[in-house]
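Novice: quick one, what's the 3D model for this:
(one chain, ligands or ions: 2)
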Amino acid sequence: MQLKVQPIDIKVGKYKVVMNTLDAKELGVYEGDRVRVRNHATLTAIVDFTEDMIAPGMIGVYHEVQEQLRKEWTETVDVEPAEKPKSAHIVRKVMDGKKLERDEVNLLVRDIVEENLSDVELAAFITSTYIRDLSEDETEWLTRAMIETGEQIKFSTSPIMDKHSIGGVPGNKITLLVVPIVAANGLLIPKTSSRAITGAGGTADLMEILAPVDFTATQIKEMTEKVGGVIVWGGGTNIAPADDKLIKIEYPLSVDPHCQLLASIMAKKGAVGAQKVVMDIPIGPGTKILDVKAGRKLARDLISLGERLGMDVDCALTYGASPVGRTVGPALEVREALKVLETMEGPNSLIEKSVVIAGMLLEMGGAAPRGQGRELALETLRNGKALAKMKEIIEVQGGNPDVSYRDIAVGQHTAEILAPSNGYIIEFYNKRIVQLARFAGAPNDKGAGVLIHKKRGESVAKGQPVLTVYADKKEKLADAVRYAREFPPIFVEGMLIERVDEVKGL
Ligand SMILES: O=P(O)(O)OC[C@H]1O[C@H](OP(=O)(O)O)[C@H](O)[C@@H]1O
Ligand SMILES: O=c1cc[nH]c(=O)[nH]1
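Specialist: Ligands and ions are numbered 1, 2, ... in the order given. Sure thing, here's the model as predicted:
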């Protein structure tokens with residue numbers, strides 16, 4: 001079928017075209033099928049339908065297709081039905097619970113990177129691995145394929161240090177303290193992070209308030225060699241490029257399947273040439289890992305995958321039942337972390353967790369004798385060396401090194417969530433805190449989030465503020481407050497959970 005080109009100048013990250021329903025029917029394709037589009041170049045694109053946006057006889061081509069075809073308005077192209085890529089059948093195999101071969105995993109990852117799979121197919125892959133985990137071999141192949149399909153950094157010195165959190169605990173801004181502490185002690189730490197996956201602000205969402213986070217592998221290497229460390233966004237590089245594409249699917253589903261988590265983290269570590277790595281595994285209700293037993297199992301899996309990849313991995317099982325520090329959401333978290341760097345004032349949970357993790361890295365990297373890493377990390381915070389190093393990191397990434405925590409703008413619209421009665425806070429729901437911050441606009445609205453005045457175990461008086469919700473946009477603040485009323489993020493002892501006065505529906 002010959003159709004006339006109608007460029008649509010929108011980037012969708014994939015080869016996608018839009019056809020009028022009548023033409024699509026005549027061609028025998030359905031929404032989500034592929035068509036081959038030919039002129040001097042040939043490409044396979046995923047089809048969307050429309051009844052009115054594209055007239056019969058035309059084909060809407062999104063930016064990526066337009067770039068390849070280089071056809072102007074109303075020039076003609078040949079369009080014919082195309083087969084699904086082989087990797088779509090591999091996804092089907094995963095859905096059916098069948099084991100994959102190594103070359104199938106490689107093909108799948110290559111097609112993920114080349115955007116040959118639709119979001120529906122990717123979501124099916126993620127969901128299937130959430131329901132049935134991949135085997136150890138499959139997970140190793142997935143990790144290796146993720147490393148090999150992107151750029152890799154090779155440093156000429158060693159050791160190369162790294163840390164990563166599996167996420168799941170709100171307010172986990174420790175990377176902003178750990179990386180400068182480690183780098184200030186002469187170790188190299190090229191830290192790549194993802195954006196929020198199940199949370200309201202990933203480290204990349206936080207760091208980009210202070211400096212750009214998108215860099216090439218070469219730039220990451222040069223910056224690390226210059227100042228000792230960086231804090232950049234994995235998805236902004238060509239390092240393990242499949243990772244961010246999968247995370248984009250995980251985020252709306254709010255899932256982080258075990259094998260994907262392992263591959264996502266370890267691919268980022270492997271690709272930057274990390275040799276000694278500390279993994280933070282937050283544990284507790286409302287996190288990804290509910291108890292110590294499950295935490296130990298994950299630690300074993302991370303260590304064993306590390307061994308397969310030639311990396312020395314130590315794991316820290318950390319307290320995750322309440323947020324780290326007292327802020328959740330990008331700007332609030334950055335403000336809290338910078339304040340600790342500048343003044344040493346801040347919540348104990350944030351300082352203690354940061355120095356423990358940094359201390360483990362200092363010991364593994366040989367900067368401190370075993371058992372003395374925490375002390376050295378604390379001293380590096382106290383004597384201002386960590387702050388000075390953070391300024392260097394911000395500067396080398398193109399931010400303003402003179403920034404202070406006082407300069408960090410937080411949402412201008414606020415609402416307080418008050419204690420409903422006198423008593424002690426007996427429940428603090430991580431997931432509800434995250435949801436509240438997300439309703440307020442985090443992580444995309446940088447100023448949105450939650451400031452926590454009272455944590456689990458603290459006493460409150462009726463009417464006292466327990467949380468302050470911040471939003472950049474008034475409507476989002478209203479959404480967040482409505483959510484908090486319906487799903488209270490905290491419980492005070494003695495609070496009425498629900499009044500039940502009839503048996504119907506119980
Ligand atoms: O959104 P959830 O699932 O909580 O966690 C995702 C966060 O956890 C990791 O933290 P880091 O890079 O070690 O600081 C990721 O990179 C990301 O920032
Ligand atoms: O980077 C990360 C962190 C947690 N989980 C992931 O899948 N990737």
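
Novice: what's the average pLDDT for stretch 444-456?
Specialist: Rounded to a whole number, the mean pLDDT of stretch 444-456 is 96.

Novice: now that stretch, how far from the chain's geometric center?
Specialist: 18 Å (Cα atoms, centre = their mean, to the nearest Å).

Novice: nearest residue to the residue of the chain found nearest ligand 2 other than its sequence neighbours?
Specialist: Closest to ligand 2 within the chain is Ser264: 3.4 Å, counting by Cβ to the nearest ligand atom. Backbone N, C-alpha and C define where each C-beta goes, glycine included. The spatial neighbour of Ser264 that comes closest, neighbours along the chain excluded (Cβ to Cβ, 6 or more residues apart in numbering), is Asp243 at 4.9 Å.

Novice: so how far is Val47 from that neighbour?
Specialist: 27 Å (Cβ to Cβ, to the nearest Å).

Novice: now do the residue of the chain closest to ligand 2 against Ile239, distance only.
Specialist: For Ser264 relative to Ile239 (Cβ to Cβ), the value is 12 Å.

Novice: low-confidence stretches in the stretch 301-450 of the chain?
Specialist: The stretch 301-450 of the chain contains no residues with pLDDT under 70.

Novice: could you pull out the helices for it?
Specialist: In the stretch 301-450 of the chain, the helices defined using DSSP state H, counting those that start in this stretch lie at 330-343, 348-364, 373-382, 385-396, 430-439.

Novice: also the stretch 101-250 of the chain?
Specialist: Going by DSSP H, counting those that start in this stretch, the stretch 101-250 of the chain shows helices at 102-113, 119-131, 136-148, 175-184, 203-207, 217-227, 241-253.

Novice: among these, which is the most enclosed?
Specialist: Highest mean neighbour count among the helices of the stretch 101-250 of the chain (mean count of other Cβ atoms under 10 Å): helix 175-184, with a mean of 29.

Novice: and it with ligand 2, contact?
Specialist: No: counting by Cβ under 6 Å from any ligand atom, ligand 2 is not contacted by helix 175-184; separation bottoms out at 11.0 Å.

Novice: ranking the helices of the stretch 101-250 of the chain by mean pLDDT, which is last?
Specialist: Among the helices of the stretch 101-250 of the chain, helix 241-253 scores lowest, at a mean of 92.

Novice: gap between the residue in the chain sticking out farthest from the centre and ligand 1?
Specialist: Distance from the centre of the chain peaks at Glu502, with 44.5 Å (Cα atoms, centre = their mean). Using Cβ to the nearest ligand atom, to the nearest Å, we find Glu502 at a distance of 40 Å from ligand 1.

Novice: distance of that residue from Gly329?
Specialist: For Glu502 relative to Gly329 (Cβ to Cβ), the value is 40 Å.

Novice: and what of Asn116?
Specialist: Asn116 is 36 Å from Gly329, by Cβ to Cβ.

Novice: how about Ala24, what does it touch?
Specialist: Ala24 makes contact with 30-31, 47, 49, according to Cβ atoms under 8 Å, 6 or more residues apart in numbering.

Novice: could you say which helix or strand holds it?
Specialist: Taking DSSP states H and E as the criterion, the element that holds Ala24 is helix 21-27.

Novice: pull out the buried residues from that helix.
Specialist: Of the residues in helix 21-27, 23-24, 27 count as buried by neighbour count, 16 or more other Cβ atoms under 10 Å.

Novice: reformat the residues you listed as a markdown table; add distance to ligand 2 and pLDDT.
Specialist: Supplementary listing: the buried residues of helix 21-27 in a markdown table, determined by distance: Cβ to the nearest ligand atom, whole Å; pLDDT from 0 to 100:
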| residue | distance to ligand 2 | pLDDT |
| --- | --- | --- |
| Asp23 | 40 | 95 |
| Ala24 | 36 | 94 |
| Leu27 | 39 | 95 |
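
Novice: ligand 1: which of those residues is nearest?
Specialist: Ala24 (38.2 Å).

Novice: tally of neighbours for His258?
Specialist: 19 (other Cβ atoms under 10 Å).

Novice: and stretch 34-51, how far apart are its ends?
Specialist: Terminal residues of stretch 34-51 are spaced 18 Å apart (Cα to Cα, to the nearest Å).

Novice: again with stretch 103-122
Specialist: End-to-end for stretch 103-122, by Cα to Cα: 18 Å.

Novice: can you check stretch 367-384 too?
Specialist: Span of stretch 367-384 from end to end, Cα to Cα: 18 Å.

Novice: what do you get for stretch 58-75?
Specialist: 10 Å.

Novice: residues of that stretch that come out buried?
Specialist: Those would be 58-62, 64-66, 68-69, 71, for stretch 58-75 by 16+ other Cβ under 10 Å.

Novice: from those, which is closest to Gly320?
Specialist: Glu64 (39.7 Å; Cβ to Cβ).

Novice: secondary structure element for that closest one?
Specialist: Counting by DSSP H and E, Glu64 is found in helix 63-69.

Novice: other residues contacting that helix?
Specialist: So helix 63-69 is contacted by 5, 7-17, 37, 39, 41, 43, 45, 61, 77, 115 (Cβ under 8 Å, 6+ apart).

Novice: list the contacts for the closest residue to ligand 1 within the stretch 351-500 of the chain?
Specialist: Of all residues in the stretch 351-500 of the chain, the one sitting closest to ligand 1 is Val434 (7.7 Å; Cβ to the nearest ligand atom). By Cβ under 8 Å, 6+ apart, the residues touching Val434 are 170, 198-200, 328.

Novice: of those residues, which ones also sit close to ligand 1?
Specialist: Restricting these to contacts with ligand 1 (Cβ under 6 Å from any ligand atom) yields 198-199.

Novice: export the contacts of Val434 to TSV and append columns for distance to Phe155 and neighbour count.
Specialist: What follows is the contacts of Val434, written out as TSV (distance: Cβ to Cβ, whole Å; neighbours: other Cβ atoms under 10 Å):
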residue	distance to Phe155	neighbour count
Pro170	34	35
Thr198	32	21
Gly199	30	29
Ala200	33	28
Val328	35	34
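
Novice: among the contacts of Val434, which pair sits farthest apart?
Specialist: Top of the distance list for the contacts of Val434 (Cβ to Cβ): Thr198 and Val328, 12.5 Å.

Novice: which one of the residues in the chain is closest to ligand 1?
Specialist: Closest point on the chain to ligand 1, by Cβ to the nearest ligand atom, is Gly167, at 2.0 Å.

Novice: near ligand 2, which residues of this protein?
Specialist: Checking the chain against ligand 2 by Cβ under 6 Å from any ligand atom, the hits are 166-167, 194, 197, 256, 260-261, 264-265.

Novice: ranking by neighbours, what's the top pick from these?
Specialist: Ile166 (29 neighbours).

Novice: tell me the contacts of that residue?
Specialist: Contacts of Ile166 (Cβ under 8 Å, 6+ apart): 256, 261, 265, 279-282, 288-289, 298.

Novice: out of the residues you listed, which touch ligand 1?
Specialist: Answer for those near ligand 1 (Cβ under 6 Å from any ligand atom): Asp256.

Novice: off-centre distance for stretch 180-191?
Specialist: 22 Å.

Novice: contacts only, for Ser135.
Specialist: Contacts of Ser135 (Cβ under 8 Å, 6+ apart): Lys99.

Novice: I should have written Gly494 there, sorry.
Specialist: Counted by Cβ under 8 Å, 6+ apart, Gly494 has contacts 421, 423.

Novice: one more time with 10 Å
Specialist: 420-424, 426 (Cβ atoms under 10 Å, 6 or more residues apart in numbering).

Novice: do the same with Glu345
Specialist: Neighbours of Glu345 in contact, by Cβ under 10 Å, 6+ apart: 336, 339, 351, 405.
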